[in-house]
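[1] heads up, no residue letters with this:
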């Protein structure tokens, strides 16, 4: 059902705002002798972790399993009694609101390329360069999760980007899966001539058009204007350069030939 058209490395991170055993813990200790004349054993330390994992609802079962195993391990090895509250919102803005209000979760997810530089500049990401996992990262992944010389999060997943197509419709009209923009335009014209809407638009979550823009940008900038980012950071570049190179061609094609009311359709649909 799917054909790879363009590949872009996306890294999702788990970031830590406070030490896992820092602000939300309490401990009690009673060393006074009991009736037998021996001292009581130190009571387990209690820690409550608050996690906000945006856009990771599909992994809820796996995270629940991992956190339960983590709690058992901490109790057995360190005597720490761990409980956790896990939120999995679809709206990335909720995390930004929480951070701005001072109600930051202990652990949260973010996208390295989109949010990493902004969060690091705001002081929300500690340096994790000396953590054991950092030395195990392959170079390409480490480069993505490193900002200003420090590793800012734990990589969670990387993936190739593809598109889905309706195999039955393609077979019905004798269409081949397009691998170039010209081929895609031909498919669009064939579908339209048979009263078939070429694209389903799901823009209820802002990440969807964001990904389309990001992938289009990467396919053009990385190959045709590799120094664009450096010049943009100096105020010397413009998106007009990328427009002339065709960055918006696929975006315009999709939006001009998609389903109606895209802001009411989301990922679940």
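    In hand now; what should we look at? As the structure is a computational prediction, the values presented were derived from the model and not from experiment.
[2] please make it C-alpha for all contacts and neighbour counts, starting now.
    Noted.
[3] residue 220: how many residues sit nearby?
    17 (other CA atoms under 10 Å).
[4] which element is it on?
    helix 207-224 (DSSP states H and E).
[5] elements contacting that helix?
    helix 239-244, helix 249-256 (3 or more CA pairs under 8 Å, 6 or more residues apart in numbering; DSSP states H and E).
[6] cutoff 6 Å now
    Using 3 or more CA pairs under 6 Å, 6 or more residues apart in numbering; DSSP states H and E, no helix or strand is in contact with helix 207-224.
[7] continuing past that helix, what's the next helix or strand?
    helix 228-233.
[8] now do that following helix, average pLDDT.
    On average, the pLDDT along helix 228-233 is 80.
[9] who touches it?
    Contact with helix 228-233 is made by residue 237, as judged by CA atoms under 6 Å, 6 or more residues apart in numbering.
[10] quick check: buried residues in that helix?
    For helix 228-233, the neighbour count (16 or more other CA atoms under 10 Å) marks residue 228 as buried.
[11] any idea how far that helix is from the chain center?
    23 Å (CA atoms, centre = their mean, to the nearest Å).
[12] measure stretch 173-189 end to end?
    11 Å (CA to CA, to the nearest Å).
[13] just the mean pLDDT for it, thanks.
    Stretch 173-189 comes out with an average pLDDT of 95.
[14] stretch 151-161 now?
    The model assigns stretch 151-161 a mean pLDDT of 79.
[15] equivalent analysis for stretch 118-126, please.
    Mean pLDDT, stretch 118-126: 87.
[16] and for stretch 196-205?
    93.
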